[in-house]
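Asks: need a structure here:
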Amino acid sequence: MNIKLRFKPVSHSWVALHPQPKGVIQFIAGAFFGTFGPMLFYRYLLQCLFEQGYTIILLPFNFTFNHYQEAGFLIREQYEILPELVRMASEEGYDYEAYLDDQNFSWIGHSLGCKYICLLEAFSALPNEPQDREQLIRKLLSKTADEPQIQSIIADISILIDDLTQKVVEVRKLIHVYVNRDVKIASTFIKGQRSILLAPDITGTASAIRPQFLANLLDEIGWGVKPTPEQTYDLIRESDLFNLLGLICFQSDNIAKSTCKWFINILKKPPRDFSITLEGRHLRPLGIQLGNDVLNLFNRLAIESVEKRNRKFEIYVIQLLKELEKIQQEKERAKKEGFND
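Replies: Residues are numbered from 1 along each chain as shown. From the prediction side, this is the model:
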């Protein structure tokens with residue numbers, strides 16, 4: 001099927017609706033490129049994913065040091081967009097069956113965008129009972145945050161969960177109005193959904209602020225990045241999730257080097273190896289097609305043929321998606337047959 005990638009604004013995001021989608025990919029780009037024109041900077045990668053049969057959602061984020069808050073905005077945005085996907089597809093005469101099950105939704109992040117995906121996955125493991133949830137958050141943050149910070153985070157997450165619970169109800173009602181169908185939402189957050197991290201960068205205030213003493217000062221007075229890398233890693237470890245995670249790192253990438261190393265060492269639970277290290281620098285995923293070539297001014301090889309680009313990068317992203325889908329299907333079959341995860 002020869003179809004063009006066309007994005008339309010929906011809520012605060014951009015959506016490219018596939019006529020016959022087998023799923024949805026929610027893409028969160030890096031800090032600068034995720035704010036200014038991700039549909040341009042990542043055009044070639046997005047086109048390849050679209051041609052594989054996925055509706056693409058580009059989720060923007062603001063420059064902020066409060067990543068808890070921004071992760072909350074992104075998951076709220078998912079629920080704003082979901083009923084719109086069904087409505088738009090129905091009006092266009094497109095298939096909308098894939099949108100009626102949140103297990104058909106996947107996440108791909110690049111650089112800082114990966115941190116938001118990790119936070120949303122980690123939030124999936126938080127207890128439902130407020131008292132248990134507060135106890136766990138205190139346990140995770142007691143060594144790295146003061147009491148006012150802990151109280152603020154507990155309050156923000158509680159408000160977020162209450163908001164999402166209400167949004168799930170609203171989404172069900174809207175979709176029923178649009179197409180008279182029920183929607184399956186297995187998790188308020190993103191548990192059970194596939195995710196691929198491209199050169200993940202889970203760093204602190206010092207990566208955004210220079211010189212170092214100024215970053216240290218911001219951290220000292222509580223204005224620095226939240227959560228810190230250490231807190232983020234603790235959330236990931238405690239969650240005992242991330243069983244549908246694919247990781248792509250790059251050999252000449254000094255920005256994501258430490259984060260990639262941590263993930264490779266810690267996340268060894270999947271039955272297959274879902275981490276790959278490829279040639280390239282941190283901004284390897286960027287690229288725009290010009291005829292038979294792909295242009296990426298931020299990579300060592302600025303211009304390469306479409307064939308070479310696919311062979312060196314996109315093919316691995318697509319293979320990871322397929323492998324993770326197989327694992328996802330195996331887990332679903334095991335549940336139906338009465339086995340544990």
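Asks: now tell me which helix or strand of this protein has the poorest mean pLDDT.
Replies: Across the helices and strands of the chain, mean pLDDT, DSSP states H and E gives its lowest value to helix 212-220, namely a mean of 69.
Asks: following element in sequence after that one, please.
Replies: Next along the chain after helix 212-220, taking DSSP states H and E as the criterion, comes helix 229-239.
Asks: buried stuff in that following helix?
Replies: The neighbour-count criterion (16 or more other CB atoms under 10 Å) identifies 229, 231, 232, 233, 234, 235, 236, 239 as the buried residues of helix 229-239. C-beta: built from backbone N, CA, C; applies to glycine.
Asks: now do stretch 50-58
Replies: 50, 51, 52, 54, 55, 56, 57, 58.
Asks: for it, C-alpha coordinates in CSV please.
Replies: Presented in CSV, the C-alpha positions along stretch 50-58 are these (Å, rounded to 0.1, in the frame of the first residue of the first chain):
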residue,chain,number,x,y,z
PHE,A,50,3.7,4.2,9.1
GLU,A,51,4.3,2.0,6.1
GLN,A,52,4.5,-1.0,8.4
GLY,A,53,0.8,-0.4,9.2
TYR,A,54,0.9,1.9,12.3
THR,A,55,-1.0,5.0,13.0
ILE,A,56,1.6,7.5,14.4
ILE,A,57,1.0,9.9,17.3
LEU,A,58,3.7,12.5,17.9
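Asks: I would like the residues contacting that stretch, please.
Replies: 1, 3, 5, 7, 10, 13-18, 20-27, 29, 38-39, 46, 49, 81, 85, 98-99, 106, 318, 321 (CB atoms under 8 Å, 6 or more residues apart in numbering).
Asks: list only buried entries from these.
Replies: Buried by 16+ other CB under 10 Å: 5, 7, 10, 13-18, 21, 23-27, 29, 38-39, 46, 49, 81, 85, 98-99, 106, 321, out of the contacts of stretch 50-58.
Asks: in strands only, show me these.
Replies: 10, 13, 14, 15, 16, 23, 24, 25, 26, 27, 106 (DSSP state E).
Asks: report the contact partners of the first one.
Replies: By CB under 8 Å, 6+ apart, the residues touching residue 10 are 57, 80, 81, 84, 88.
Asks: what does the fourth one give?
Replies: For residue 15, the contacting residues are 7, 8, 9, 55, 56, 57, 58, 81, 84, 85, 88, taking CB under 8 Å, 6+ apart as the criterion.
Asks: follow-up on the earlier one: of the ones in strands among the buried ones among the contacts of stretch 50-58, closest to residue 196?
Replies: Of all these, residue 196 sits closest to residue 106, with 7.5 Å by CB to CB.
Asks: show me what that closest one bridges to in the sheet.
Replies: residue 25, residue 194 (DSSP bridges).
Asks: quick one: it and residue 22 touch, right?
Replies: No - counting by CB atoms under 8 Å, residue 106 does not reach residue 22; the two are 10.5 Å apart.
Asks: can you give me the helices in this structure?
Replies: 31-35, 38-41, 43-51, 67-92, 113-123, 130-141, 147-179, 212-220, 229-239, 257-266, 306-309, 315-336 (DSSP state H).
Asks: list the buried residues of the first one.
Replies: Neighbour-count burial for helix 31-35 flags 31, 33, 34 (criterion: 16+ other CB under 10 Å).
Asks: same thing with the longest one?
Replies: Taking 16+ other CB under 10 Å as the basis for neighbour counts, the residues of helix 147-179 that come out buried are 150, 153-154, 157, 160-161, 164, 167-168, 171-172, 174-175, 178-179.
Asks: for residue 136, give me its contacts.
Replies: 126, 127, 238 are the contacts of residue 136 under CB under 8 Å, 6+ apart.
Asks: coming back round to it: and the helices of the chain, which one averages the lowest pLDDT?
Replies: When these are ranked by mean pLDDT, helix 212-220 comes last with a mean of 69.
Asks: just to revisit the earlier point, to residue 286, which of the helices of the chain lies closest?
Replies: Of all the helices of the chain, it is helix 38-41 that lies closest to residue 286, at 5.0 Å by CB to CB.
Asks: re earlier: widest-spaced pair of the contacts of residue 10?
Replies: Across the contacts of residue 10, the longest distance by CB to CB is 12.9 Å; it joins 80 and 88.
Asks: these two: who's more crowded?
Replies: A count of neighbours by other CB atoms under 10 Å puts residue 88 above the other of residue 80 and residue 88, at 19 against 15.
Asks: who's in contact with that one?
Replies: Here residue 88 is in contact with 8, 10, 15, 17, 94 (criterion: CB under 8 Å, 6+ apart).
Asks: wait, the first one sits on residue 14?
Replies: Yes - at 7.0 Å, residue 8 counts as touching residue 14 under the criterion of CB under 8 Å.
Asks: what's the span of stretch 86-102, first residue to last?
Replies: Start and end residues of stretch 86-102 are separated by 12 Å (CA to CA, to the nearest Å).
Asks: next one: stretch 244-263
Replies: 13 Å.
Asks: would you list the helices of the chain in TSV and tack on distance to residue 295?
Replies: Shown next, in TSV, are those (distance: least, CB to CB, whole Å):
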stretch	distance to residue 295
helix 31-35	15
helix 38-41	11
helix 43-51	9
helix 67-92	29
helix 113-123	22
helix 130-141	43
helix 147-179	39
helix 212-220	34
helix 229-239	33
helix 257-266	26
helix 306-309	10
helix 315-336	19
